[in-house]
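Novice: pasting the sequence and the predicted coordinates here, then a few questions.
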Amino acid sequence: MQLKRLVVLGSTGTIGQNTLKVVARHPGRFKIVGLTAFHNTALLLRQIRVFRPAYVAVSRHQMQTIRQNCFLKNIKILDAETELERLASLPQVDLVVIGITGSGALRPFLAALRQGKIVAPANKEALVMAGDILMRAARRYKARIIPIDSEQSAIFQCLQGRRRSDLKKVYLTASGGPLAKVPLSRFSRLKLDQVLKHPRWKMGPKITVDSATLMNKGFEIIEAQRLFNLKLEDIQVVIHPEAVIHSMVSFKDGSILAQMGITDMRLPIQYALSYPECWDAQMPDLDFFSVRNLSFGRPDERKFPCLGLARAAARQGKTYPCVLEAADEMAVEAFLQGRISFNRIHAVVDRVLQSHRAPGHRLGIKDIEAAAGWAKEQARRMLGTVTPRSRLNR
């Protein structure tokens, strides 16, 4: 049995913690080479004691805390703000799990691909921002991308053993998020705890807010378009509140394959880590006798206009998806800080997109980063005039 050597970017987040749970359930199959965290030093130290990585990367203000721990004498401490690319490129690493959110994942993602590694991304933003660049790099350097994101993992699984030319349509399922049953008239008065209460998944605050606006599903449209080389019109979002089916693929012969399972991120994580093998998940199977209904509906884009914004950005291509992601990052941050109401997230992103003009030449990574920087600055200017909203729960 060949040992798989892993780097986990964002080991203290939801994806990182679940990745390490999968690793712990399969002793002797993995070696943790590197772990990274920005803020949760206490949890990182506990992970280090268990998994003994050769490298850790932390933010600069946490480095002293890490160094003071005597048991870390043989561990190299890197700067998480500048050295994630180095960590993702180490020759002794086979697979890089990307569990960090936001645009900070882009550079280490690309660095790992350029070294021909397997990359298992839970991060949507990198593929949204620069999917064409990342996919070109994967092809050029014979790297492999195996998605952890549950919907993309489901599509990946449904396509195994099938010819790409036989594919007809992809159905991305969505639970509807925490606001599925909340009327639009209440959106301007929503409190933060209402928005962060997802009915099915336990996720970080940024992705939970994106789930509430359905921007998360819009990102997945763009992500699927890049990962599986799809036309925009071949991707359909389906509201499926039970979250039993994680996505579906239809083929031109009329058959449809659906990937089903319990709502637990450890399943797609293990699939990516064990691929192409199939290991015992040591978890309960889906209980079909407890599933009373499988319902499906169309998303209400009047209620959730971010989904339409994402489709428009995907249609325009170039740097528009990048601008979409960067503006959303700033708008969601402002909402989480209580500076804007929930229904203003869409308005900020829309205004930034309307102001954008994409370059005409073939894009490089610097063009993407420049567009993201421009979008964030535009969003800051718009948000700088907003009065904090004291009624939001902090």
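Specialist: Cool, got the structure. Numbering: from 1, shown residues only.
Novice: only C-alpha atoms from now on, for both contacts and neighbour counts.
Specialist: Will do.
Novice: show me what contacts the residue nearest to the spatial centre of the chain?
Specialist: Centroid check for the chain by C-alpha atoms, centre = their mean gives residue 123 as the closest residue, at 2.6 Å. Residues in contact with residue 123, defined by C-alpha atoms under 8 Å, 6 or more residues apart in numbering, are 98, 99, 100, 101, 102, 105, 149.
Novice: now those in JSON lines, with neighbour count, secondary structure and distance to residue 57?
Specialist: Converted to JSON lines, the contacts of residue 123 look like this (neighbours: other C-alpha atoms under 10 Å; DSSP: H, G, I helix; E, B strand; the rest coil; distance: C-alpha to C-alpha, whole Å):
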{"residue": "98", "neighbour count": "27", "secondary structure": "strand", "distance to residue 57": "14"}
{"residue": "99", "neighbour count": "27", "secondary structure": "coil", "distance to residue 57": "14"}
{"residue": "100", "neighbour count": "26", "secondary structure": "coil", "distance to residue 57": "12"}
{"residue": "101", "neighbour count": "20", "secondary structure": "coil", "distance to residue 57": "16"}
{"residue": "102", "neighbour count": "17", "secondary structure": "coil", "distance to residue 57": "17"}
{"residue": "105", "neighbour count": "22", "secondary structure": "helix", "distance to residue 57": "14"}
{"residue": "149", "neighbour count": "21", "secondary structure": "coil", "distance to residue 57": "23"}
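Novice: relative to residue 169, which of the residues you listed is nearest.
Specialist: Among the contacts of residue 123, residue 149 lies closest to residue 169 (C-alpha to C-alpha), at 18.9 Å.
Novice: not counting sequence-adjacent ones, nearest residue to that closest one?
Specialist: Excluding its sequence neighbours, the residue lying closest to residue 149 (C-alpha to C-alpha, 6 or more residues apart in numbering) is residue 122, at 4.8 Å.
Novice: what do you get for residue 197?
Specialist: Residue 197's closest residue in space is residue 178 (C-alpha to C-alpha, 6+ apart), at 5.8 Å.
Novice: ranges for the strands of the stretch 151-300 of the chain?
Specialist: Assigned by DSSP state E, counting those that start in this stretch, the strands in the stretch 151-300 of the chain fall at 167-174, 235-239, 245-251, 256-260.
Novice: average pLDDT across the second one?
Specialist: pLDDT averaged over strand 235-239 equals 97, rounded to a whole number.
Novice: now do it against strand 167-174, angle only.
Specialist: 30 degrees (axes from the mean of the first three to the mean of the last three C-alpha atoms, to 10 degrees).
Novice: same question, the last one
Specialist: Relative orientation of strand 256-260 with respect to strand 167-174: 30 degrees, computed using the same axes, to 10 degrees.
Novice: other SSEs contacting the least confident helix or strand in the chain by mean pLDDT?
Specialist: One helix or strand of the chain scores below all others by mean pLDDT, DSSP states H and E: helix 63-67, with a mean of 83. The helices and strands touching helix 63-67, judged by 3 or more C-alpha pairs under 8 Å, 6 or more residues apart in numbering; DSSP states H and E, are helix 41-51, strand 76-79.
Novice: ok, whatever helix or strand comes next after the first one: who's next to it in the sheet?
Specialist: To tie it back to what came earlier, the one meant is helix 41-51. Next along the chain after helix 41-51, taking DSSP states H and E as the criterion, comes strand 55-58. According to DSSP bridges, strand 55-58 has the following sheet partners: strand 30-37 (parallel), strand 76-79 (parallel).
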